[in-house]
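Visitor: I would like to see how this sequence folds:
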Amino acid sequence: MNSPNIPHPPLQLKILLAEDNPINQKVATRILSHLGHQADVVANGREAIIAIANKFYDLILMDIQMPEMDGLMAAQHIRQLEVTSHSAPITIIAMTANATDEDRELCRKAGMDDYLTKPIQIDKLKAILQSFSPRTT
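Guide: Predicted structure coming up:
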């Protein structure tokens with residue numbers, strides 16, 4: 001019998017981290033691991049599109065400024081693929097050092113669900129991950 005007073009354990013999310021900077025990759029994966037999540041890392045938007053075509057992810061943390069294909073273009077492409085394939089939308093969280101209202105609006109227009117400024121702060125990342133967790137309590 002389940003007691004309603006016992007909280008659910010945190011859900012381990014499968015996260016795709018799209019980030020080209022090796023130091024930022026290392027920092028983000030360590031934070032995600034510390035929070036109990038699993039992350040795969042790709043270095044640009046094109047690799048992110050390939051990754052989600054081959055594996056299920058709960059969420060994408062997408063850097064905005066990357067080589068080959070930036071995060072905005074990748075998010076737009078992912079949203080188009082979801083429409084044409086009738087797939088459920090994946091949560092896409094923008095990660096960028098640019099924190100202006102204009103940058104936030106560009107991310108929203110590209111189809112991103114939320115926005116995280118760099119350097120990543122553990123408490124803010126944790127709150128965003130919890131708000132987009134597929135588990136409901």
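Visitor: Tell me the gap between the longest helix along the chain and the middle of its chain.
Guide: When the chain is parsed with DSSP state H, its longest helix is helix 71-85. Its chain's C-alpha centre and that of helix 71-85 lie 14 Å apart, by Cα atoms, centre = their mean, to the nearest Å.
Visitor: can you check stretch 54-70 too?
Guide: Taking Cα atoms, centre = their mean, the mean C-alpha location of stretch 54-70 is offset from the chain mean by 7 Å.
Visitor: buried sites along it?
Guide: Within stretch 54-70, the residues that count as buried by 16 or more other Cβ atoms under 10 Å are 57-64, 66, 69-70. Placement of C-beta: from N, CA and C, glycine included.
Visitor: Report the buried residues of the helix or strand containing residue 123.
Guide: Using DSSP states H and E, residue 123 falls within helix 122-131. For helix 122-131, a neighbour-count test (16+ other Cβ under 10 Å) marks 125-126, 128-129 as buried.
Visitor: Which elements pack onto that helix?
Guide: Counting contacts by 3 or more Cβ pairs under 8 Å, 6 or more residues apart in numbering; DSSP states H and E, helix 122-131 packs against helix 22-34, strand 114-117.
Visitor: highest average neighbour count across the ones you listed?
Guide: Neighbour counts (mean count of other Cβ atoms under 10 Å) averaged over each of the helices and strands packed on helix 122-131 peak at strand 114-117, with a mean of 18.
Visitor: so what does that strand touch, helix or strand wise?
Guide: Secondary-structure packing of strand 114-117 (3+ Cβ pairs under 8 Å, 6+ apart): strand 91-96, helix 101-109, helix 122-131.
Visitor: Tell me which of the ones you listed sits nearest to residue 37.
Guide: Nearest of the helices and strands packed on strand 114-117 to residue 37, taken as Cβ to Cβ: helix 122-131 at 6.9 Å.
Visitor: Tabulate the helices and strands packed on strand 114-117 (JSON lines), appending mean pLDDT and distance to residue 45.
Guide: Converted to JSON lines, the helices and strands packed on strand 114-117 look like this (pLDDT from 0 to 100; distance: least, Cβ to Cβ, whole Å):
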{"stretch": "strand 91-96", "mean pLDDT": "96", "distance to residue 45": "11"}
{"stretch": "helix 101-109", "mean pLDDT": "94", "distance to residue 45": "13"}
{"stretch": "helix 122-131", "mean pLDDT": "93", "distance to residue 45": "20"}
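Visitor: Thanks a lot, see you next time.
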